[in-house]
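S.K.: What follows is a protein structure lacking sequence information:
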């Protein structure tokens, strides 16, 4: 059993110069067989394993990860959490996650530094104003907090925004979700890993899946760089590499994988105490606890698995940032990186069974998966354990692309994808 | 970001081009006879290959002509550029 983290354990370890903290999770070799295997050790995969063990008593399970846990998109996103989506299905899904976020640090006994500093979405033209007001109403009908702010109220909430009406894309107002905010992305992966490990889940890193063995229409196990592992249930949570896994069983998914970029500045004193997103000019910015500005840019407009991204995309975002926040004009950018996001045609995720028995996919989160991490894990665990979706993810099945019941959040979500 | 050798204009920056996605997906000849599954396959399902992928590109800020490309999506290296209607010059 793991020691509980608390103020007392902190004090105790301070006396030994913090040199005797125990390992947060084991580093096991794979067993011959598991009841279920999760492919992908990011936030969503680890959360899935955690809830499989915690809520469905499935502890003889493993998470296999080709690199290190949280080294993919979990460690590459801009950590924004919100639930102000337009459609009922999305509102249900993302607000389910937000409600778990609100208690997550206690649930995991791990500080995920969840900070409900609010997320503001700006409107820059009349259509934005109409769309965002409509979304505000839709949110409130779904019990999600949302308010419309006029230009003066935007300025009051975030004084460093340039609200001059003479700029190319003037601020005509915005929406605010006060329950929204940010969390420490690495801590989410580590917290879930520690929690899952404590319940007996094997987290196997540096273990790449090379093939999926089938018997008729059922799965039998996975071929990995650490050998064959037998299992009857495989939950794939491989984000940008979902299609790579799907192609192993000749399953086609409605996904395109593209690099999405983010960048951080040099650290400065606190200057922006909220998250501001702008759909029309594609610029969003918040400030980390270290003081860096965390800036999200757009996706490259072509399929690529290179975790880099193009310079012109960053340039476009920074131009918009500079017009909206002239105060940042002399900031230096420290680091830039890309993550590979798997985008669905309707910009909504897939949390679904497939027509192969025992094979489940949780993918298609595109540019906005981090916010859903706890909810996604919870619902995917339910789907795997019961071989049936939870009512909150029933609409996010893979067959919606056949039936036409798309959950179209492309234009309607609060940010351009 | 990379350079693309447009078959009509020569080498230009990728930002001048727009990607049209996976190539050689033929529009169904008899759309009325297609099942929902076949429509979904045509409209939405993609191979999304990590490795050499055949794709359509348009020189949007240049000659505005469409052409095909074989590009390795794992490193963005372009292996071949060929015109619309032509078969891929590599396998």
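M.R.: Received it, and whenever you're ready, just let me know what you need. Values in this document were obtained by computation on a predicted structure and should not be read as measured data.

S.K.: residues contacting residue A:355?
M.R.: Taking Cβ atoms under 8 Å, 6 or more residues apart in numbering or on different chains as the criterion, residue A:355 is in contact with residue A:217. C-beta coordinates here come from the backbone N, C-alpha and C atoms, glycine included.

S.K.: That one - that's part of a helix, no?
M.R.: No - with DSSP: H, G, I helix; E, B strand; the rest coil as the criterion, residue A:355 is located in coil rather than a helix.

S.K.: Pop out the phi and psi values for it.
M.R.: Main-chain torsions, residue A:355, degrees, to the nearest 10: phi -80, psi 0.

S.K.: now swap in residue A:172 and tell me
M.R.: Summarising the backbone geometry of residue A:172 under the convention degrees, to the nearest 10, its torsions are phi -100, psi 0.

S.K.: Contacts only, for the residue nearest to it when sequence neighbours are not counted.
M.R.: Nearest non-adjacent residue to residue A:172, counting by Cβ to Cβ, 6 or more residues apart in numbering or on different chains: residue A:123, 4.9 Å away. Contacts were defined as Cβ under 8 Å, 6+ apart; by that measure residue A:123 touches A:129, A:131, A:132, A:171, A:172, A:173, A:174, A:175, A:280.

S.K.: Residue A:123 and residue A:177: what is the separation?
M.R.: In this structure, residue A:123 lies at 14 Å from residue A:177, with Cβ to Cβ, to the nearest Å as the measure.

S.K.: Spell out which parts of the stretch 151-300 of chain A neighbour chain B.
M.R.: In this structure, the stretch 151-300 of chain A approaches chain B at residues A:241, A:243, A:244, A:247, A:252, A:253, A:254, A:255, A:256, A:257, judged by Cβ under 8 Å from any Cβ of the partner chain.

S.K.: biggest separation within the contacts of residue A:123, which pair?
M.R.: With Cβ to Cβ as the measure, no two of those lie farther apart than A:131 and A:171, at 15.0 Å.

S.K.: dump the residue contacts of residue 46.
M.R.: You didn't pick a chain, so chain A it is. Taking Cβ under 8 Å, 6+ apart, we find residue A:46 in contact with A:38, A:63, A:69, A:70, A:189, A:192, A:193, A:196, A:203, A:377.

S.K.: ah, I was thinking of chain B
M.R.: Taking Cβ under 8 Å, 6+ apart as the definition of contact, the neighbours of residue B:46 are A:243, A:252, A:253, A:254, A:255, A:256, B:21, B:22.

S.K.: make it 10 Å
M.R.: When contacts are counted by Cβ atoms under 10 Å, 6 or more residues apart in numbering or on different chains, residue B:46 touches A:243, A:252-257, A:303, A:345, B:21-22, B:25, B:53.

S.K.: any idea where the helices of chain B begin and end?
M.R.: In chain order, chain B shows helices spanning B:36-43, with DSSP state H as the criterion.

S.K.: coming back round to it: quick one: buried ones out of the residues of the stretch 151-300 of chain A next to chain B?
M.R.: Judged by neighbour count, with 16 or more other Cβ atoms under 10 Å in any protein chain shown as the criterion, the buried members of those are A:241, A:243, A:244, A:247, A:253, A:254, A:255, A:256, A:257.

S.K.: follow-up on the earlier one: ok, what's across the strand from the residue nearest to residue A:172?
M.R.: Using DSSP bridges, the bridge partners assigned to residue A:123 are residue A:173.

S.K.: Mind pulling up the pLDDT for it?
M.R.: For residue A:123, the model assigns a pLDDT of 95.

S.K.: try residue A:298
M.R.: Looking at residue A:298, its pLDDT stands at 89.

S.K.: what do you get for residue A:31?
M.R.: For residue A:31, the predicted pLDDT is 97.

S.K.: Report whether the expected contact of it with residue A:230 is present.
M.R.: Yes - in this structure residue A:31 lies within contact range of residue A:230 using Cβ atoms under 10 Å: 8.9 Å.
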